[in-house]
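Trainee: mind folding the following:
(one chain, ligands or ions: 1)
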Amino acid sequence: MPSLEEELFPSTPGKFKDKSFHMNRSLHRCFSSTSSLFLWALFLIALTASFLSFESFVDSGHKYFAASWGGIQWEKQVRDSAQIRRPNGMSILVTGAAGFVGSHVSLALKKRGDGVVGLDNFNNYYDPSLKKDRKALVNSRNIFIVEGDVNDMKLLTKLFDVVAFTHVMHLAAQAGVRYAMENPQSYIHSNIAGLVTLLEVCKNANPQPRIVWASSSSVYGLNEKVPFSESDRTDQPASLYAATKKAGEEITHSYNHIYGLSITGLRFFTVYGPWGRPDMAYFSFTRNILQGKPITVYRGKNRVDLARDFTYIDDIVKGCMGSLDTAGKSTGSGGKKKGPAPYRIFNLGNTSPVTVPTLVNILERHLKIKAKKNVIDMPGNGDVPFTHANISSARSEFGYKPTTDLQTGLRKFVRWYLSYYGYNHGKLVD
Ligand SMILES: O=C(O)[C@H]1O[C@H](OP(=O)(O)OP(=O)(O)OC[C@H]2O[C@@H](n3ccc(=O)[nH]c3=O)[C@H](O)[C@@H]2O)[C@H](O)[C@@H](O)[C@H]1O
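Mentor: Here you go, the predicted structure:
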């Protein structure tokens, strides 16, 4: 009778048994019975299973402990922050609340008694410590800012579970015209994918909120008809940034059309002011002038100066509030449209373009320092030669009327800059 071992690993009579056979034999000696083989198999399966479940425990545990949101205390903070303290007030989710426009709008809404919950991912596109400081300011007015990304559908859904937001002020975005050549994907991530995620959650919410969001003057691209009106062509973007904002206008239109979401898109024109963005020209020029470093001033074709319809932050905030106040209802519920909902687009500009060299002159006067200018022809970097807003739609719809000229606005900016960074910020002392 063949041994059990021979039954399991029969040698073929007449065939040469090589060395590996002997190795196999010694290995297989371990499995010298059916039952022990079975036990070994069970043991291996159990070992693998426990290893895998331990890994997933560690992973989910890591996620759980790393998550900066969730829990009873967190929900209470969200609810408290969203509390409305005026008759007919709103509860608003402000995305990009630690950003330049987001922090100003959050403060203004809270001041008049609206409930505000902020959301911001605190990315490092520019110095996150400035964002943290804006956050501290916003927190000091009892506004809670959740740290998270607009791409995080679970988080957004949770926020809408906790608070029935009446409005969303969507300001989170990858900003900056020229940076799009360096990091194109970040524009797709925030301005396209993030927008769609937010709209998905809003469309499913019951009740659906009304949405006001930041488009951009850059959508006018190579449009030469001045001043820029909302009905002008916007199909010639000069940068990927502009293209993503234009795409946002089309995307929001489709959600308005299919799901009955109330949409208002605001085309901001080069917003500036205290607590502004360090990547923008007025801000980086100020820093360089104070540090005695040269600034690069771009010049357009045929040596024509570039010009922007620079718009002061307080005017933009008023435009945002007016848009929120006049936004009609979303009509859908549970992802189903019940009737047509408003879809609006407004320019929020200043209506008086100023050239970049004039901007530099004003800064020189306020700082009492002469700039070291390096004037070069505008590289093909996505910039447009000029912007100029026609604001008659916003004026007739909610009385939008900008009141701060560039001279006054930059004085306020410079005063803030010096108080925040100090006169000698980063300046080499001889
Ligand atoms: O309205 C918008 O929708 C956009 O406004 C803003 O873009 P822009 O109008 O391009 O502002 P900004 O960068 O301050 O350049 C101002 C001028 O200085 C020139 N410029 C710039 C840098 C430099 O080193 N030299 C220079 O001459 C430059 O050529 C330009 O002529 C926002 O950044 C953008 O996120 C978006 O919101």
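
Trainee: from now on I want contacts and neighbour counts done on CA atoms only, so please keep to that.
Mentor: OK.

Trainee: which SSE is residue 238 in?
Mentor: Of the helices and strands defined by DSSP states H and E, none includes residue 238.

Trainee: that one against residue 382, yeah?
Mentor: Yes - with contact defined as Cα atoms under 8 Å, residue 238 counts as touching residue 382 (5.0 Å).

Trainee: now stretch 68-77 - C-alpha only, PDB.
Mentor: This file holds the C-alpha atoms of stretch 68-77, laid out as PDB (Å, rounded to 0.1, in the frame of the first residue of the first chain):
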ATOM      1  CA  SER A  68     -10.700  67.100  11.800                       C
ATOM      2  CA  TRP A  69     -14.500  66.900  11.800                       C
ATOM      3  CA  GLY A  70     -17.300  64.800  13.300                       C
ATOM      4  CA  GLY A  71     -18.500  64.100  16.700                       C
ATOM      5  CA  ILE A  72     -21.100  65.600  19.100                       C
ATOM      6  CA  GLN A  73     -19.000  68.600  20.100                       C
ATOM      7  CA  TRP A  74     -18.200  69.300  16.400                       C
ATOM      8  CA  GLU A  75     -21.800  69.200  15.400                       C
ATOM      9  CA  LYS A  76     -22.700  71.600  18.300                       C
ATOM     10  CA  GLN A  77     -20.100  74.000  17.000                       C
END
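
Trainee: list the buried residues in stretch 293-308.
Mentor: Within stretch 293-308, the residues scored as buried using 16 or more other Cα atoms under 10 Å are 295, 296, 297, 298, 299, 300, 305, 306, 307, 308.

Trainee: for stretch 209-229, that is, sorry about that
Mentor: Quick answer for stretch 209-229 (16+ other Cα under 10 Å): 209-223, 227-229.

Trainee: low pLDDT regions in the stretch 301-430 of the chain?
Mentor: 424-430 (pLDDT under 70).

Trainee: flag every residue of it that's near the ligand.
Mentor: The stretch 301-430 of the chain comes close to the ligand at residues 306, 307, 356, 383, as judged by Cα under 6 Å from any ligand atom.

Trainee: so who does the residue lying closest to the second one once chain neighbours are set aside touch?
Mentor: Setting aside the residues directly before and after it, residue 307 is nearest to residue 355 in space (Cα to Cα, 6 or more residues apart in numbering), at 3.9 Å. Neighbouring residues of residue 355 by Cα atoms under 8 Å, 6 or more residues apart in numbering: 305, 306, 307, 308.

Trainee: residues in contact with the nearest residue to the second one once chain neighbours are set aside?
Mentor: Distances taken as Cα to Cα, 6+ apart put residue 385 closest to residue 306, at 5.0 Å, once the chain neighbours are dropped. Residues near residue 385 by Cα under 8 Å, 6+ apart: 300, 305, 306, 307.

Trainee: equivalent analysis for residue 398, please.
Mentor: 319, 322, 323, 326.

Trainee: before we move on, what about residue 85?
Mentor: Listed by Cα under 8 Å, 6+ apart, the contact set of residue 85 reads 113, 114, 115.

Trainee: mind checking pLDDT for residue 8?
Mentor: pLDDT, residue 8: 34.

Trainee: just the ones of the contacts of residue 398 in strands?
Mentor: Among those, none falls in strands (DSSP state E).

Trainee: now the contacts of residue 385 as CSV including secondary structure?
Mentor: Output for the contacts of residue 385, formatted as CSV (DSSP: H, G, I helix; E, B strand; the rest coil):
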residue, secondary structure
300, coil
305, strand
306, coil
307, strand
